[in-house]
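*Asks:* Got a predicted model here, sequence first, then my questions.
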Amino acid sequence: QVQLVESGGGWVQAGGSLRLSCVDSGRTRSSSVMGWFRQAPGKEREFVASIDWSNTTSYYARSVKGRFTISVADAYTVSLQMNTLNPDDTGVYYCAAAPTFYHASDQSRVDSWGQGTQVIVSS
């Protein structure tokens with residue numbers, strides 16, 4: 001099973017930026033697609049973005065498109081650059097591995113999860 005480790009969360013003021021990273025610590029890349037989800041307090045976990053390891057195709061939730069960029073940073077790391085953050089972006093961000101983009105967009109179909117990293121955006 002893929003072992004995912006996130007980093008890069010923290011506190012930032014509205015309008016600021018953060019960069020999250022997710023490492024496949026087992027160096028398996030056994031899943032074709034990597035994604036990010038987030039969960040705000042009292043809300044369900046929601047899809048944020050996904051990308052394939054070839055770095056050629058990516059998808060974004062409507063709420064983050066144009067502000068967030070997902071990319072393959074190296075052979076075992078996927079990053080999420082988050083710009084123009086607002087308080088609605090606050091939550092725990094989870095890295096996910098899935099066999100296809102279809103699976104990566106649905107939390108019930110994800111193969112593996114990271115432990116999550118907290119992002120807090122203050123107004």
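*Replies:* Yep, that arrived.

*Asks:* which element is the residue nearest the centre of the chain on?
*Replies:* Most central in the chain under C-alpha atoms, centre = their mean is residue 36, positioned 2.2 Å from the mean C-alpha point. Taking DSSP states H and E as the criterion, residue 36 maps to strand 33-39.

*Asks:* chain center to that strand: distance?
*Replies:* With C-alpha atoms, centre = their mean, to the nearest Å as the basis, strand 33-39 stands 4 Å off its chain's centre.

*Asks:* Now do the same contact list for the nearest residue to residue 76 once chain neighbours are set aside.
*Replies:* The spatial neighbour of residue 76 that comes closest, neighbours along the chain excluded (C-beta to C-beta, 6 or more residues apart in numbering), is residue 24 at 4.4 Å. Glycine gets a C-beta too; all of them are placed from N, C-alpha and C. Residue 24 makes contacts with 2-4, 76-77, 97, as judged by C-beta atoms under 8 Å, 6 or more residues apart in numbering.

*Asks:* Could you list the low-confidence segments of the protein?
*Replies:* 1 (pLDDT under 70).

*Asks:* any chance you could map the helices in it?
*Replies:* 101-104 (DSSP state H).

*Asks:* can you pull out the strands in it?
*Replies:* 4-7, 10-13, 18-24, 33-39, 46-52, 58-60, 68-74, 77-82, 91-98, 112-113, 117-122 (DSSP state E).

*Asks:* Could I get those strands in a markdown table, plus columns for distance to residue 105?
*Replies:* Formatted as a markdown table, these follow (distance: least, C-beta to C-beta, whole Å):
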| stretch | distance to residue 105 |
| --- | --- |
| strand 4-7 | 17 |
| strand 10-13 | 26 |
| strand 18-24 | 17 |
| strand 33-39 | 7 |
| strand 46-52 | 5 |
| strand 58-60 | 7 |
| strand 68-74 | 13 |
| strand 77-82 | 15 |
| strand 91-98 | 8 |
| strand 112-113 | 15 |
| strand 117-122 | 20 |
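
*Asks:* among those, which is nearest residue 106?
*Replies:* Taking C-beta to C-beta, strand 46-52 is the member of the strands of the chain nearest to residue 106, at 7.5 Å.
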